[in-house]
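Asks: Make a model of this:
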Amino acid sequence: MGSQYTVFADYYDSLMSNADYTARADYLEKIFARYGHEPGLTLDLACGTGTITIELKKRGLDIYGADASAEMLMLAQQKAYDEGLNILFLRQKMQELDLFGTIDTCVCTLDSLNHIINKKELQRAFDRVSLFMNRGGLFVFDVNTVYKHREILADNVFVYDKRDVFCVWQNKALEDNITRIELDFFEKSGSLYRRSGERFCERAYTDRELEEIIRNAGFEILDIFGELSFEPPRADSQRNVYAVKKI
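Replies: Below is the predicted model of the structure:
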């Protein structure tokens, strides 16, 4: 697995300000309704700074979050406190998930699973979710596609000029659809800029690889959609959504 987001945690919410978490929470609720699924006890896997966790909690879900980054979880806990919400946040890696009991639903958004770049480790993550999920439970996750890694990320450079930080995002395409990502942050301090950075890798998995992992973990694939839609993925889809059921 890649970075646990130490430096990045400070800037994550600013750089993800266009993610439209309200629309994503709406979409997740529509997926639950589509399959007549009562969410019950829900885990937000790789919850980051807890924005989706908090949004779903506000809508009445019995939800808690898990993430590998202590820095991300500190921000998540503070945001929940500011909202007057009591939410449990656990510091756990996806492939080492160890819950107190079973869950009925798991969500994992914004390509978090792509941060596991070893196929065996990704299988372990799915196995752990399956272990703690009740039969008939729903696991909804999204992943960046091979197309996005090859055609959009590849060896490109992106620049984000936000109010609180200037970020340079550099990518290097490696073998097995792995992209090495280097983030350099420049935060203004008086007349100078303070530089910090984060380095990690992401991997895109083929449809066949994901289907094998899903089935090996004891899940049945209900549907695969293009991002925030109920349409089949296109050849140029950058992020796909999987709805799978524990059998």
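
Asks: Correct me if wrong, but residue 71 is in a strand.
Replies: No: counting by DSSP: H, G, I helix; E, B strand; the rest coil, residue 71 is not found in a strand; it is helix.

Asks: I figured it was touching residue 11, is that so?
Replies: No: at 10.9 Å, residue 71 does not count as touching residue 11 under the criterion of C-beta atoms under 8 Å. (C-beta placed from N, C-alpha, C; glycine too.)

Asks: quick one: the strands in the chain?
Replies: Secondary structure of the chain (DSSP state E): strands at 41-45, 62-67, 89-91, 103-108, 133-144, 157-161, 166-173, 178-189, 192-203, 219-226, 239-246.

Asks: Tell me which strands the second one pairs with, and in which orientation.
Replies: Sheet pairing here is set by DSSP bridges, and for strand 62-67 it gives strand 41-45 (parallel), strand 89-91 (parallel).

Asks: The longest one versus strand 103-108: what angle between them?
Replies: Taking axes from the mean of the first three to the mean of the last three C-alpha atoms, to 10 degrees, one finds that strand 41-45 is oriented at 20 degrees with respect to strand 103-108.

Asks: Go ahead and name everything in contact with strand 41-45.
Replies: 50, 52-53, 56, 61-66, 94, 97, 99, 101-109, 112, 129, 132, 141 (C-beta atoms under 8 Å, 6 or more residues apart in numbering).

Asks: Can you tell me the centre-most residue of the chain?
Replies: What sits nearest the mean C-alpha location of the chain, by C-alpha atoms, centre = their mean, is residue 112, with 3.0 Å.

Asks: That residue reaches residue 46, doesn't it?
Replies: Yes: applying C-beta under 8 Å, one finds residue 112 in contact with residue 46, separated by 3.4 Å.
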